[in-house]
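Engineer: sequence and predicted structure below; questions after.
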Amino acid sequence: MRDDPYFYVKDLSVEFQLGKNYYTAVHQISFDLKKGETFGLAGESGCGKSTAAMAIMRMLQDNARIREGTVWFQGRDILSLNQAELRELWWKEMAMIFQASLNSLNPVKKVGQQILEVLTVREGMNNKLAWERVEELFTLIGIQPERARDYPHEFSGGMRQRVMIAMAICLNPSLIIADECTTALDVMIQAQIMNLMKDLNKKFNLSMIFINHDLSLISDVCDRVAMMYAGRIVESGPVSDVFLNPAHPYVQMLIKALPSMEQGTAQLLPIPGVPPRLKEISAGCSFLPRCPYGDKGCSLEVPPSVEIAPGHSAACFKIDRLSI
Amino acid sequence: MKKSLFHVNDLNVWFSARKGFTLFQRNRPQKFIKAVDGLSFDLFEGETLAIVGESGSGKTTAARAFMALMREARGEISFEDRNILAGSRAGRIDLRTKIQMIFQDPFDAMNPRETIFKIVSEPLSIHRKNLSVNDRREIVFQALRDVGLTPPEDFEKRFPHELSGGQRQRVLIAGTLVLEPVLIIADEPVSMLDASLKVEILNLLADLRKKRSLTYLMVTHDLALTRYIADRIAIMYLGKILEIGPALSVLDRPLHPYSQALIKVVPTLENAGKKKTVLTGEIPHPSDIPKGCRFHPRCPQSTDLCRVQEPETKEIVPNRFVHCHNVQPRVEHTNN
């Protein structure tokens, strides 16, 4: 860790209360992020990536709690902030683009009005000034400024997602967390949104945590990636290292299951079995039941994360035996 | 020449857009939402045809029309040389024993209060009422075995909420098999599933095709998957097929400007980080289909002709049809 880290997460664990018991959804995840960097958090549904994001934003639902860990952001631990300090932080320093853009806008308010509200309340801008800023933002995200006076239902899914992005950047935060921000969109619109995000990233030197299940999309926009499985980070490193030379059996198998646009019609191999449910997570390596290399040793304790190349680490006991 | 099993000719599904205060709108011209507008293709026996398109391209409406589920459908859809749209209600019901559909969402497509046995056997209780209890049980169990839910005794009494997403999709597939259909229409069968499960279900569908000699018509937006499952691909835009041909040749050498753009923007591990040329704008609303070529406002190669005249669908190279003025028939296969 550098002397003055911009952002890092250390040993973050989140648990959910179900009935009387607590179940851990995120186990001691750690990663860091440099200023201006795009970091991907990838994994299949249920792996804990969205929960991790919500914990970082301190926006967890009521039945979830952070058991331990640090989320360090620009000189302070976010987990120790009180509600007032958090409100000051949200949108202004870190903002989130949510998964369901279709449900995140108020249907009875004009789109521009919803961004305006943030500006007037948080920045104390007068209406005229704030409206100018809204129009400026609309130009930035590639929608005609006049459309700011329309209602959400008059916008397409892609445009609504653009509005969510405008809202996220309206107070010039330096960190954006994007949770599955293109999931419901078509490839063409998705590509448009991705280009927009890349442009904004360059223009404002934004740092981004990009949460997605689509590995190809992650590899397209991110500098580094962490792969999650059953609440743990199983492998992390520069995108090209992780996806071209995956070390963890899970990541290797997942990549073999992805259809390619360029190679022939090679047989794709599914990973046998299903990920463990929240209640079933065992003492040892959670991938063991599906792993072709696992043995008895793997069932005793959780494998630690080992650095296998500069900046590239994986959590597996069998790494030596695997070809990397 | 392979035998055509399913033939669609100039299919239109237009919805009337006049709603609400009709009193005040009486003098306005009748507007239509043209979800499917002049769709034609052949589906050959034993093949898998993937219909690919963005949302709003009319692919789901088309899939429903193929099942005779759309009252608004006009044109010709013939299955085993019988026009589905002209037939009687009894004929349509008979048809549904031979054509079955797999729906997109394995979470919403099942009644949560019914057991797996009830769900899978339901088509039998409608279409084959006089089946004995034992026969019915045997058919359902065989279907469950075929989709990999073994032993079937373990699954028959369970409820949908006890199953994972992949298992639910298997149950739905089992439900389509019990009537021994010839053709299965699958509307985004794996879009709700995780990467590894997607492959599992697609491999299952491929196995079933061999085992039960099925023909598939698959509707999807996922181009990367079509390379893996489809024999032929049809690229649909605003209710019409712009390009159709053998899967690999369309994906490797797309001819229509739209398919070229669409195929280029699919993110893959190989093209990561490269700047992609992206079409501007969005697919227009089907109530307002552009005049001339429907793709011309977004087309990088459009000419004056494209603005005024709708192109014809021409066979450019054998078995490859393209709906564009600027693509001319060729004698040989070349890289353009």
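Structural biologist: Cool, got the structure. Residues are numbered from 1 along each chain as shown, chains lettered A, B, ... in the order given.

Engineer: all helices of the stretch 51-200 of chain B, in order?
Structural biologist: Using DSSP state H, counting those that start in this stretch, the helices assigned to the stretch 51-200 of chain B run over residues B:59-66, B:89-98, B:116-127, B:133-146, B:152-155, B:165-177, B:195-212.

Engineer: closest to residue A:174 out of these?
Structural biologist: Evaluated with Cβ to Cβ, the helices of the stretch 51-200 of chain B place helix B:195-212 nearest to residue A:174, the distance being 32.0 Å. Every C-beta, even on glycine, is put in place using the N, C-alpha and C of the backbone.

Engineer: what lies in contact with the helix or strand following the closest one?
Structural biologist: Moving toward the C-terminus from helix B:195-212, the first helix or strand encountered (DSSP states H and E) is strand B:215-220. Strand B:215-220 is contacted from outside by B:5-6, B:43-52, B:59-60, B:62-63, B:66, B:182-189, B:191, B:205, B:209, B:226, B:229-230, using Cβ atoms under 8 Å, 6 or more residues apart in numbering or on different chains.

Engineer: what lines up beside strand B:215-220 in the sheet?
Structural biologist: strand B:48-52 (parallel), strand B:183-187 (parallel) (DSSP bridges).

Engineer: with just CA atoms, put stretch B:211-228 into CSV.
Structural biologist: Written as CSV, here are the backbone C-alpha positions of stretch B:211-228 (Å, rounded to 0.1, in the frame of the first residue of the first chain):
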residue,chain,number,x,y,z
LYS,B,211,-31.9,-37.3,-29.5
ARG,B,212,-35.4,-36.3,-30.5
SER,B,213,-34.7,-34.9,-34.0
LEU,B,214,-36.0,-31.5,-33.3
THR,B,215,-35.9,-28.3,-35.2
TYR,B,216,-35.2,-25.1,-33.3
LEU,B,217,-36.2,-21.5,-33.9
MET,B,218,-34.3,-19.5,-31.4
VAL,B,219,-34.9,-15.8,-30.7
THR,B,220,-32.0,-14.1,-29.0
HIS,B,221,-30.1,-10.8,-28.7
ASP,B,222,-26.8,-12.5,-27.9
LEU,B,223,-24.7,-12.8,-31.0
ALA,B,224,-21.8,-14.5,-29.3
LEU,B,225,-24.1,-17.5,-28.5
THR,B,226,-25.4,-17.8,-32.0
ARG,B,227,-22.0,-18.9,-33.3
TYR,B,228,-22.2,-21.7,-30.8
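
Engineer: now do it, average pLDDT.
Structural biologist: Taken as a whole, stretch B:211-228 has a mean pLDDT of 91.

Engineer: list the buried residues of stretch B:78-94.
Structural biologist: By neighbour count, and taking 16 or more other Cβ atoms under 10 Å in any protein chain shown as the criterion, the buried residues in stretch B:78-94 are B:78, B:79, B:80, B:84, B:85, B:87.

Engineer: what does the strand or helix carrying residue A:164 rub up against?
Structural biologist: Using DSSP H and E, residue A:164 sits in helix A:157-169. Contacting residues not belonging to helix A:157-169 are listed as A:91, A:95-98, A:101-102, A:104-105, A:111, A:114-115, A:118, A:137-138, A:140-143, A:147, A:152, A:155, A:176, A:181-182, A:184-186, A:189, A:192-193, A:196-197, A:200, A:204, A:206, B:55, B:282 [Cβ under 8 Å, 6+ apart].

Engineer: buried subset of those?
Structural biologist: Judged by neighbour count, with 16+ other Cβ under 10 Å as the criterion, the buried members of the contacts of helix A:157-169 are A:91, A:95-98, A:101, A:104-105, A:111, A:114-115, A:118, A:137-138, A:140-143, A:147, A:152, A:155, A:176, A:181-182, A:184-186, A:189, A:192-193, A:196-197, A:200, A:206, B:55, B:282.

Engineer: what segments of the stretch 201-324 of chain A are helices?
Structural biologist: With DSSP H, counting those that start in this stretch as the criterion, the stretch 201-324 of chain A has helices spanning A:215-221, A:239-244, A:249-256.

Engineer: so where's chain A uncertain?
Structural biologist: For chain A, applying pLDDT under 70 flags the ranges A:1-3, A:100-102, A:263-266, A:321-324.

Engineer: in it, which spans are strands?
Structural biologist: Per DSSP state E, chain A carries strands over the ranges A:7-18, A:21-33, A:38-42, A:64-73, A:76-77, A:94-97, A:175-179, A:207-212, A:224-229, A:232-238, A:305-309, A:312-315.

Engineer: okay, the helices of the stretch 201-324 of chain A in CSV with mean neighbour count and distance to chain B next?
Structural biologist: Written out in CSV, the entries for the helices of the stretch 201-324 of chain A read as follows (neighbours: other Cβ atoms under 10 Å in any protein chain shown; distance: least, Cβ to the nearest Cβ, whole Å):
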stretch, mean neighbour count, distance to chain B
helix A:215-221, 23, 4
helix A:239-244, 20, 5
helix A:249-256, 21, 6
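
Engineer: could you dump these to JSON lines with distance to residue B:31?
Structural biologist: Listed next are the helices of the stretch 201-324 of chain A as JSON lines, based on distance: least, Cβ to Cβ, whole Å:
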{"stretch": "helix A:215-221", "distance to residue B:31": "38"}
{"stretch": "helix A:239-244", "distance to residue B:31": "48"}
{"stretch": "helix A:249-256", "distance to residue B:31": "48"}
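
Engineer: if we can go back for a sec, including distance to residue B:30, could the strands of chain A go into TSV?
Structural biologist: Putting the strands of chain A into TSV (distance: least, Cβ to Cβ, whole Å) gives the following:
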stretch	distance to residue B:30
strand A:7-18	55
strand A:21-33	55
strand A:38-42	50
strand A:64-73	54
strand A:76-77	64
strand A:94-97	41
strand A:175-179	44
strand A:207-212	44
strand A:224-229	53
strand A:232-238	59
strand A:305-309	66
strand A:312-315	63
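
Engineer: which among the buried residues of stretch B:78-94 gets closest to residue B:273?
Structural biologist: Proximity to residue B:273 was ranked across the buried residues of stretch B:78-94 by Cβ to Cβ; first place goes to residue B:79, at 46.5 Å.

Engineer: let's verify the residue nearest to the closest one when sequence neighbours are not counted: helix, strand, or coil?
Structural biologist: Nearest residue to residue B:79 in three dimensions, chain neighbours excluded: residue B:6, at 5.3 Å (Cβ to Cβ, 6 or more residues apart in numbering or on different chains). For residue B:6, the reduced secondary structure class is strand; criterion used: DSSP: H, G, I helix; E, B strand; the rest coil.
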